[in-house]
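**Student:** quick one, what's the 3D model for this:
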Amino acid sequence: MVICFVFSDEFITNEVCEELRKLTFDNWQWDNAEMIILLQQMFIDLDLLNNCHIDVCINWSLLTLTYLSVNALQLAHSCLKIVFFYCTLF
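**Tutor:** Numbers count the residues shown, from 1 in each chain. Below is the predicted model of the structure:
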């Protein structure tokens, strides 16, 4: 069973989206739940959901399960690496 949590687009402002695309983005200021939302935004920005035919609810569930299975430091460190890769694409 897949549970899809709908989150507000207003949570991620245009300013945050622009900062997310920069190598200077500071992911350490965000808590784990917020980082999952930022990762979801990266998937959306890169159009990975459409290109890979991934349902948004499935992706959200995958990110949430990842969040639940790692500790906070691992998630923050992994997110930092992902942000660096993400920035190179913009």
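**Student:** C-alpha only now, for contacts and for neighbours.
**Tutor:** Noted.
**Student:** where does the closest residue to residue 36 other than its chain neighbours fall, secondary structure wise?
**Tutor:** Nearest non-adjacent residue to residue 36, counting by C-alpha to C-alpha, 6 or more residues apart in numbering: residue 63, 6.3 Å away. Here residue 63, judged by DSSP states H and E, is contained in helix 56-69.
**Student:** quick one: the helices in the protein?
**Tutor:** With helices called from DSSP state H, the chain shows them at 14-20, 32-45, 48-51, 56-69, 72-88.
**Student:** need these in CSV (columns: mean pLDDT).
**Tutor:** Shown next, in CSV, are the helices of the chain (pLDDT from 0 to 100):
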stretch, mean pLDDT
helix 14-20, 86
helix 32-45, 84
helix 48-51, 88
helix 56-69, 82
helix 72-88, 72
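**Student:** most neighbours per residue, which of those?
**Tutor:** Greatest average neighbour count among these goes to helix 32-45 (a mean of 17), per mean count of other C-alpha atoms under 10 Å.
**Student:** quick one, that helix and helix 56-69 angle?
**Tutor:** With axes from the mean of the first three to the mean of the last three C-alpha atoms, to 10 degrees defining the directions, helix 32-45 sits at 150 degrees from helix 56-69.
**Student:** elements contacting helix 32-45?
**Tutor:** helix 56-69, helix 72-88 (3 or more C-alpha pairs under 8 Å, 6 or more residues apart in numbering; DSSP states H and E).
**Student:** any idea how far apart the tips of stretch 42-51 sit?
**Tutor:** Using C-alpha to C-alpha, to the nearest Å, the end-to-end distance of stretch 42-51 comes to 13 Å.
**Student:** starting at the chain centroid, how far to it?
**Tutor:** Relative to its parent chain, stretch 42-51 has a centroid offset of 11 Å by C-alpha atoms, centre = their mean, to the nearest Å.
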